[in-house]
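Student: Just to be clear, the model below is a prediction. Sequence and coordinates:
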Amino acid sequence: MRVRMMIVIALMSLAGKLPAAELERPAPTPDSLQAEVDYLRSIMPGQAFAMTQIAYNFSNLWFAAQAGNWPLANFYLGETRVRLRWAMRIQPVRRISSGPIEIAPIAEALEANQIMAVGHAIEARDKAGFVAAYTNLMHGCQGCHEASEKPYLKLQIPTAPAEPMIDFAP
């Protein structure tokens, strides 16, 4: 990435398109790179933000499947999976009263089992199977909340879609 940026700067310089200040910028140092990393960490959203994205997609997944819109349900399942992976990259370890707990393995187990079961129900267009798999996944998520000492984050089957603009009809 750094090499690519240097090439772009050199090409812009040759074309006379680069301000002189960019040409005079000093090479990065370990201290300046650390300052940049610290800044990026300070503006990165926390895991709670990623979890709201999971909830958004997981809620819409329910309504897509209930409407029998299996392609849309599959889309929202994929988005739920992606956001779960993002949440685990943000904070793979939680500090709880008994010490640190790795939550990434919990998420990996959910993906390999409950999320996969939801995917199979979607592929089979099996509404009853979907309800059972979705509920089982929801209970698995609740188990992670409890293991993380956040039992007050109680999940339930959604009663209204997270996104009212989406037409869930097939």
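Tutor: Thanks, I have it.

Student: so what are the domain limits for the protein?
Tutor: Per the record, the chain has its domains at 2-43, 47-147, by automatic domain parsing.

Student: Mean neighbour count, those: which tops it?
Tutor: Most buried of the domains of the chain, by mean neighbour count (mean count of other Cβ atoms under 10 Å): domain 47-147, with a mean of 17. (Glycine included, C-beta is placed from N, CA and C.)

Student: Return the distance of that domain from the chain's centre.
Tutor: Taking Cα atoms, centre = their mean, to the nearest Å, one finds domain 47-147 lying 10 Å from the centre of the chain it belongs to.

Student: surely L77 meets N60?
Tutor: No - judged on Cβ atoms under 8 Å, L77 makes no contact with N60 at a distance of 10.0 Å.

Student: if we can go back for a sec, please convert the domains of the chain to a markdown table, extending it with mean pLDDT and distance to E163.
Tutor: Converted to a markdown table, the domains of the chain look like this (pLDDT from 0 to 100; distance: least, Cβ to Cβ, whole Å):
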| stretch | mean pLDDT | distance to E163 |
| --- | --- | --- |
| domain 2-43 | 70 | 26 |
| domain 47-147 | 96 | 6 |
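
Student: Out of those, flag the one nearest P164.
Tutor: Shortest distance between P164 and the domains of the chain, using Cβ to Cβ, is found for domain 47-147: 10.2 Å.

Student: how long is that closest one end to end?
Tutor: Length of domain 47-147, first residue to last, Cα to Cα, to the nearest Å: 16 Å.

Student: can you give me the helices for this protein?
Tutor: 2-14, 20-23, 30-43, 47-66, 70-90, 104-110, 116-124, 127-147 (DSSP state H).

Student: Quick check: which of those is nearest to K154?
Tutor: That would be helix 127-147 among these, by Cβ to Cβ, at 6.8 Å.
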